[in-house]
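1. predicted model follows, preceded by the sequence.
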Protein chains: 2
Amino acid sequence: MDTEPSFSFRVFATDGAARQGEITMAHGVVRTPAFMPVGTQAAIKGVHLSAVRAGGADIVLANTYHLMLRPGAERIARLGGLHSFMRWKGPIITDSGGFQVMSLAELRKLDPDGVTFRSPVDGTSHRLTPERAIEIQHLLDADITMSFDECTTWPVEEPAAAYSMRLSMKWAERGRQSFLERKGYGLFGIVQGSVYLALREESAGALVKIGFDGYAIGGLAVGEGKDLMFATLDTTLPQLPADKPRYLMGVGRPADLVGAVRRGVDMFDCVMPTRNGRHGMAFTRYGQINLRNARHADDPRPLDEASDWPSTRNIPRAYLHHLVRSGETLGAMLLSEINIAYYQRLMLDIRAAIANVTFEEFRNQTRADWARGDIAPRT
Amino acid sequence: MDTEPSFSFRVFATDGAARQGEITMAHGVVRTPAFMPVGTQAAIKGVHLSAVRAGGADIVLANTYHLMLRPGAERIARLGGLHSFMRWKGPIITDSGGFQVMSLAELRKLDPDGVTFRSPVDGTSHRLTPERAIEIQHLLDADITMSFDECTTWPVEEPAAAYSMRLSMKWAERGRQSFLERKGYGLFGIVQGSVYLALREESAGALVKIGFDGYAIGGLAVGEGKDLMFATLDTTLPQLPADKPRYLMGVGRPADLVGAVRRGVDMFDCVMPTRNGRHGMAFTRYGQINLRNARHADDPRPLDEASDWPSTRNIPRAYLHHLVRSGETLGAMLLSEINIAYYQRLMLDIRAAIANVTFEEFRNQTRADWARGDIAPRT
């Protein structure tokens, strides 16, 4: 493993608030704006890593919560870390487990020091603290470690959001103290505060004071809607240092990516490409296409004959329709791969548009293509 | 589509009763002895066709019964046939639907002319006759068409087996009459008669009199056990013409393939590589390995470091174990692909051993390797 390069972010071009650049880290370079496919249990669901890589992903995300429960962080460390375990040579980011412990764990008990909970896998008791979350991510050998935070549910009243955010800021400080600095490895803080703009400003200020290698915006895309999400970004992003990467967690739909890049976000992760793929949906230049729909049953045309991804360009819609209707795994596999490739192609185009200072034209054209919708059914 | 070459079988080498050769057909050449991966619904479960091809398969099998019900044979014909539908450029063999209609269809009613049944997919009524089964396979554009036969259950009394076999022989004759001869396309008859050797001889004689491009042995590997299966083969195979390929349907385990090749079988199909892969089992030089077993949890070694298949040689057992235990689709995908590659490698080695007239040495070595079992657990 090459630990020579320092963790660093360089901006090559800007267009309005949008930035194009790259993050250098221990296991390689991530071109930004970047979309990071989600490999919850150290696997991108239904997609071989060779296809994730060929599709254009520089970095993948794995989940601390799932991996600490199975197969266990110490086990992965003994096996040489997550990169050799899952055989992904490039950079890996791990979340801190804060979001999942609140949404998935059983019998969880929050205290000012952390969370105790029961594993749904085998019923064993576990505890996550700010320090343990950092330690687990160290054991996993994540290039980017995320601070442990408390995630509020949605909707949430302002006092509860304030209490939760301030707890997360204390935890961020503790995590920062316990993070073992290694060349090429970075630690990100997470801005919380729900949709309360004053809380977001307070949170961003607190994190910047602590000082991180990058700043994430958490607690969005949880049901608040696009307008509130973008309004929160409009308030939060200017509070964050321009020379550090900004990561909007858990987002999202292609239109959300374009809207957030326009506001200055550099990194994204979301399960949507694979989850929607498993449900028969394809993301394309024409917008989302539901392959389950009977209109595709006799259609020999591919999803998009102009795509540079072979499965998108070559496979008859009629075949994809048949696979989806028949419940064949290959349908989910092909659509998940097609969607990951689409997301990566979108990011490539976004980066090129910013570099050419044509981001607004690109955005208008992309929105027009999506609005135009799918090609007409075959008569 | 190239319809120039005639359907032809050439034997290049023999070693005892074992034969090494090739079958030329409309969509390419099949090296024999051949193992044909099963793509029931026009998809090999969990495996991209690129991996099926890279693993070494020359031909795949698809199921008439499943495809006539969904998406429909006429639809596939309108879409240009099964090759362009599922995007497999090489030869395709289809079964006749006889076996599946007996085991899977609802409200089935057998008469001397065929079978009427209800589709489990949508409740519609369907009918298969010897002529319709041939027509469907023509619509699918199968390189090899199988005669429609009636399959008895196991165990079966001799009178019932005799009645069923004689009905199948009448159907084979009707199928032969209705088969549209096209250059490069072949029709196979299916020997029936359960484990009753006199019935098998009668069936083989009847089929040879009708005359087919190849001869299948059906109704085996249905629960009769290895000894009865091999005894039936010992009686049946000498009755079949040496200049036509012989296909043992639905078989089987690696040891069964070796034993049947030794008796003169040229073709096999079985769901075992993919089905067992979905259940966490890997076929290897060391025999079958159950990745669910806890002994693999901390084992960084691959399944077989001497394998020429990258996933077999490179992926840590601990990772495969984790994927299987976590129910990640990628585990089934990787093991199915590993198993298909193992089966194809076995056939490649079988062909080389026959060509070198070292089949018995190969057989003894292979059995010794399997008997030796997996490498010792890591301490």
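-> Everything's here; your move. Quick caveat: nothing in here was measured; it's all calculated off a predicted structure.
2. tell me which residues are up against stretch A:171-182.
-> Applying C-beta atoms under 8 Å, 6 or more residues apart in numbering or on different chains, the contact partners of stretch A:171-182 are A:3, A:26, A:96, A:114, A:129-131, A:133-135, A:138, A:145, A:147-150, A:187, A:189-190, A:206-207, A:210-212. Placement of C-beta: from N, CA and C, glycine included.
3. could you give me the PyMOL selection string for whichever of the residues you listed are buried?
-> In PyMOL, this line selects whichever of the contacts of stretch A:171-182 come out buried by 16 or more other C-beta atoms under 10 Å in any protein chain shown:
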select buried, chain A and resi 26+96+114+129+130+131+133+134+135+138+145+147+148+149+150+187+189+190+206+207+210+212
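4. narrow the contacts of stretch A:171-182 to those in helices?
-> Among the contacts of stretch A:171-182, DSSP state H puts A:130-131, A:133-135, A:138, A:206-207, A:210 in helices.
5. spell out which parts of the stretch 251-379 of chain A neighbour chain B.
-> A:297-298, A:300, A:314-316, A:318-319, A:321-323, A:325-326, A:328-334 (C-beta under 8 Å from any C-beta of the partner chain).
6. now with 6 Å?
-> Within the stretch 251-379 of chain A, the positions near chain B by C-beta under 6 Å from any C-beta of the partner chain are A:300, A:318-319, A:322-323, A:326, A:328-330.
7. now those as TSV including pLDDT, neighbour count and distance to residue B:173?
-> Formatted as TSV, those follow (pLDDT from 0 to 100; neighbours: other C-beta atoms under 10 Å in any protein chain shown; distance: C-beta to C-beta, whole Å):
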residue	pLDDT	neighbour count	distance to residue B:173
A:300	97	15	37
A:318	98	24	36
A:319	98	26	36
A:322	98	27	34
A:323	98	25	37
A:326	98	19	34
A:328	98	20	36
A:329	98	21	40
A:330	98	25	38
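8. now, among those residues, which is nearest to residue A:31?
-> Comparing those against residue A:31 with C-beta to C-beta places residue A:330 closest, at 30.4 Å.
9. quick check: the closest one is in a helix.
-> Yes: looking at residue A:330 with DSSP: H, G, I helix; E, B strand; the rest coil, it is inside a helix.
10. what is the neighbour count of the nearest residue to it once chain neighbours are set aside?
-> Spatial nearest neighbour of residue A:330, excluding adjacent residues (C-beta to C-beta, 6 or more residues apart in numbering or on different chains): residue B:43 at 4.3 Å. Neighbours of residue B:43 under the rule other C-beta atoms under 10 Å in any protein chain shown: 24.
11. OK, contacts around residue B:43?
-> A:323, A:328, A:330 (C-beta atoms under 6 Å, 6 or more residues apart in numbering or on different chains).
12. separation between it and residue A:326?
-> Relative to residue A:326, residue B:43 is positioned 8 Å away (C-beta to C-beta, to the nearest Å).
13. do residue A:155 as well
-> 41 Å.
14. and the residue positioned nearest the centre of chain A, helix, strand or coil?
-> Residue closest to the average C-alpha location in chain A (C-alpha atoms, centre = their mean): residue A:269, at 1.1 Å. Following three-state DSSP, the label given to residue A:269 is strand.
15. that one against residue A:35, yeah?
-> No: the criterion here is C-beta atoms under 6 Å, and residue A:269 misses it with residue A:35 at 7.4 Å.
16. which ones are touching the residue nearest to residue A:15 when sequence neighbours are not counted?
-> Of all residues not flanking residue A:15 in the chain, residue A:359 sits nearest, at 4.1 Å (C-beta to C-beta, 6+ apart). Going by C-beta under 6 Å, 6+ apart, residue A:359 touches A:15, A:18, A:353.
17. ok, now residue A:199?
-> For residue A:199, the contact set (C-beta under 6 Å, 6+ apart) comprises A:161-162, A:165, A:193.
18. could you find the closest non-adjacent residue to it?
-> residue A:193 (3.1 Å).
19. with residue A:362 instead?
-> Spatial nearest neighbour of residue A:362, excluding adjacent residues (C-beta to C-beta, 6+ apart): residue A:353 at 3.5 Å.
20. secondary structure element for the one you found?
-> Residue A:353 is located in helix A:329-355, with elements delineated by DSSP states H and E.
21. for that helix, name the packing helices and strands.
-> strand A:8-15, strand A:18-25, strand A:34-37, helix A:49-55, helix A:272-278, strand A:281-284, helix A:310-314, helix A:317-326 (3 or more C-beta pairs under 6 Å, 6 or more residues apart in numbering or on different chains; DSSP states H and E).
22. tell me which residues in it are buried?
-> Here helix A:329-355 shows A:329-347, A:350-351, A:353-354 as buried, counting by 16+ other C-beta under 10 Å.
23. please pull out the lowest mean pLDDT helix or strand from chain A.
-> Here the helix or strand of chain A ranked lowest by mean pLDDT, DSSP states H and E is helix A:98-103, holding a mean of 87.
24. tell me which residue in the stretch 151-300 of chain A sits closest to chain B.
-> Closest approach between the stretch 151-300 of chain A and chain B, counting by C-beta to the nearest C-beta: residue A:300, at 5.3 Å.
25. which strand or helix spans that residue?
-> Applying DSSP H and E, one finds residue A:300 in no helix or strand.
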